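# Fold the following and give me the result.
(one chain, ligands or ions: 1)
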Amino acid sequence: MLSYQHAYHAGNLADLHKHALLAAMLSYLTVKPKPLSYLETHAGRGLYDLTSPEAEKTGEAAAGITRALAEDWLPADHPLRQALDAVRARHGATAYPGSPLIARHFLRPDDIAHLAELHPTEHEALAEVAGFARLHQQDGFQMAQAVCPPMPRRGMLLIDPSYEVKADYDAIPRHISRLVRKWNVGVIALWYPILTDQRHVPMIEALRGGHADALISEVNFPPARSGHGMIGSGMAVVNPPYGLDEEAARIESLFSQRFPGKAWR
Ligand SMILES: C[S@@+](CC[C@H](N)C(=O)[O-])C[C@H]1O[C@@H](n2cnc3c(N)ncnc32)[C@H](O)[C@@H]1O
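From the prediction side, this is the model:
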């Protein structure tokens with residue numbers, strides 16, 4: 001049974017990295033008036049409250065998005081800032097959008113979204129805020145293989161697993177290669193944690209082996225609590241949209257300025 005709940009981690013430093021890149025990709029992809037498809041394998045509940053007992057228990061959002069806003073890490077015209085402001089105007093000042101609601105900010109009426117979320121409670125919460133999308137309560141990789149190539153063919157897929165199943169590290173490069181064979185024009189973004197044991201390294205090497213043009217963006221930060229294994233965040237993007245390398249470099253330099261120490265690595 002799945003136990004991961006993103007409410008404990010929403011708005012943390014990893015979300016900041018992942019969501020800044022996601023918003024930049026969606027902002028770029030929605031410049032052209034042509035419709036697109038937006039797919040997510042692991043959607044979560046879509047909307048979080050940073051004053052919830054879960055968020056307050058870990059304090060991860062306080063060290064993430066709350067600190068970032070207080071210190072102006074995101075300029076007012078940054079796509080993530082725009083999505084966040086829009087979600088807060090609608091849902092209140094302590095709301096934080098998960099990836100589905102970040103996507104909703106950019107998607108137009110002719111765009112098609114498919115969101116998979118397996119956990120019954122998370123899926124039920126997602127259904128309350130994701131009326132714009134086609135929802136799938138099934139394994140996200142199965143959903144992606146069934147839907148790809150999507151219509152419209154332009155578009156992107158976010159793969160954001162909780163990595164509770166250790167076999168995911170081995171299986172993900174194969175899933176991505178199969179998806180690319182079916183959908184060679186799709187932008188495919190994979191988020192992964194950087195843990196003290198570096199278990200992401202073989203996965204990213206395998207991915208790079210099959211997709212030499214993939215953009216890899218990684219940032220490091222101190223663990224949320226002492227003994228916590230996550231010390232960074234990574235995003236690999238096959239078929240990266242034009243300009244994503246610039247946003248990746250900007251956010252990487254922002255993290256390395258704020259967290260210059262390497263003692264935790
Ligand atoms: C890291 S969270 C997603 C966060 C979300 N993408 C965001 O950025 O706001 C991972 C989610 O995947 C769900 N999940 C776990 N295994 C799954 C599977 N095999 N298929 C679909 N969803 C799954 C979990 O219930 C959890 O809500």
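
# ok, how many other residues are close to the residue in the stretch 1-150 of the chain that the ligand sits nearest to?
Distances from the stretch 1-150 of the chain to the ligand, computed as C-beta to the nearest ligand atom, single out G98 as the nearest residue at 2.8 Å. No exception for glycine: its C-beta is placed from N, CA and C like everyone else's. Burial of G98, expressed as a neighbour count using other C-beta atoms under 10 Å, amounts to 28.

# State whether it and H42 are indeed in contact, as I suppose.
No. Using C-beta atoms under 8 Å, G98 is not in contact with H42; the gap is 10.3 Å.

# Just the mean pLDDT for stretch 13-20, thanks.
Taken as a whole, stretch 13-20 carries a mean pLDDT of 98.

# roughly how far is that stretch from the heart of the chain?
The offset between the C-alpha centroid of stretch 13-20 and the centroid of the whole chain comes to 7 Å, using C-alpha atoms, centre = their mean, to the nearest Å.

# Run through the residues that contact L215.
Under the criterion of C-beta atoms under 8 Å, 6 or more residues apart in numbering, the contact partners of L215 comprise 235-237, 240, 244-245, 248.

# Which ones among these map onto helices?
Counting by DSSP state H, the part of the contacts of L215 found in helices is 244-245, 248.

# Serialize these to a markdown table and add fields for pLDDT, distance to the ligand and neighbour count.
What follows is those, written out as a markdown table (pLDDT from 0 to 100; distance: C-beta to the nearest ligand atom, whole Å; neighbours: other C-beta atoms under 10 Å):
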| residue | pLDDT | distance to the ligand | neighbour count |
| --- | --- | --- | --- |
| L244 | 97 | 17 | 20 |
| D245 | 97 | 22 | 13 |
| A248 | 98 | 17 | 22 |
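
# which regions of the stretch 1-150 of the chain lie under the pLDDT threshold?
The model of the stretch 1-150 of the chain has pLDDT under 70 over residues 1.

# Which phi and psi values does S256 adopt?
Backbone torsions for S256, taken as degrees, to the nearest 10, come to phi -70, psi -30.

# Same question for P149.
With angles defined as degrees, to the nearest 10, P149 sits at phi -80, psi 130.

# And it, how far from A214?
As for P149, its distance to A214 is 19 Å (criterion: C-beta to C-beta, to the nearest Å).

# now M230, which residues is it bridged with?
Applying DSSP bridges to M230 gives these bridge partners: L195.

# Share the number of residues neighbouring the residue nearest to R134 when sequence neighbours are not counted, please.
The shortest distance from R134 to any non-neighbouring residue, by C-beta to C-beta, 6 or more residues apart in numbering, is to H114 (5.0 Å). Summarising burial for H114: neighbours were counted as other C-beta under 10 Å, giving 23.

# I'd guess H114 is in a strand, am I close?
Yes. Under DSSP: H, G, I helix; E, B strand; the rest coil, H114 falls within a strand.

# tell me the contacts of it?
Contact partners of H114, counting by C-beta under 8 Å, 6+ apart, are 37-40, 133-134, 136, 143, 147, 150.

# is it possible to export the residues you listed to TSV including distance to the ligand, secondary structure and neighbour count?
Formatted as TSV, the entries for the contacts of H114 read as follows, by distance: C-beta to the nearest ligand atom, whole Å; DSSP: H, G, I helix; E, B strand; the rest coil; neighbours: other C-beta atoms under 10 Å:
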residue	distance to the ligand	secondary structure	neighbour count
S37	17	strand	22
Y38	12	strand	28
L39	12	strand	29
E40	6	strand	30
A133	13	coil	23
R134	14	strand	13
H136	8	strand	22
M143	8	helix	24
V147	13	helix	20
P150	17	coil	21
